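# heads up, no residue letters with this:
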């Protein structure tokens, strides 16, 4: 199953992927960058930036949920090993690198689709628009504040 996870064998350091993400975003018009740090693990856990949308500078936050990637890699390892010698924490760096590489590829793909005018910036990055200092549109939706407004499909 791990073979189905893109970039699961990457050796590209997360810091290089983050720099590539920033450069891609700059190339497509983003500015005002800031990184969020997971102080416990001392790793980057998100990147914030702005894009001009309809004449307004709109803030975005892309999170890197390294713990979820580590959990995935651990579960794959744990389900296939015969006599494992690794512990879940042994996958910290690997998960960090994979998470950021996945985000780099996703950002590049999305920006390419935007560049062709197939979609608009705000359509792709809508879930990541920051609506206050630490909350995104996606956060609001997932907590139930906004998803109550959606109609149920009666198909």
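Looks like it came in fine. Every value quoted in this text rests on a predicted model; they were computed, and no experiment measured them.
# now the strands for this protein?
31-38, 43-53, 56-63 (DSSP state E).
# export those as a markdown table, with columns for distance to residue 144.
Just so you know, the C-beta spots here come from the backbone N, C-alpha and C atoms, and that holds for glycine as well. A markdown table is the format used below for those (distance: least, Cβ to Cβ, whole Å):
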| stretch | distance to residue 144 |
| --- | --- |
| strand 31-38 | 24 |
| strand 43-53 | 22 |
| strand 56-63 | 19 |
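# closest one to residue 86 among those strands?
strand 43-53 (19.2 Å; Cβ to Cβ).
# before we move on, back to that, would you mind finding the most buried of the strands of the chain?
strand 43-53 (a mean of 18; mean count of other Cβ atoms under 10 Å).
# for it, the distance to its chain's centre please.
10 Å (Cα atoms, centre = their mean, to the nearest Å).
# which other helices and strands contact that strand?
helix 14-27, strand 31-38, strand 56-63, helix 121-125 (3 or more Cβ pairs under 8 Å, 6 or more residues apart in numbering; DSSP states H and E).
# next, the angle from that strand to strand 56-63.
Counting by axes from the mean of the first three to the mean of the last three Cα atoms, to 10 degrees, strand 43-53 points 160 degrees away from the direction of strand 56-63.
# picking up where we left off before, including mean pLDDT and distance to residue 96, could the helices and strands packed on strand 43-53 go into a markdown table?
Below are the helices and strands packed on strand 43-53 laid out as a markdown table (pLDDT from 0 to 100; distance: least, Cβ to Cβ, whole Å):
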| stretch | mean pLDDT | distance to residue 96 |
| --- | --- | --- |
| helix 14-27 | 97 | 5 |
| strand 31-38 | 94 | 10 |
| strand 56-63 | 95 | 13 |
| helix 121-125 | 92 | 23 |
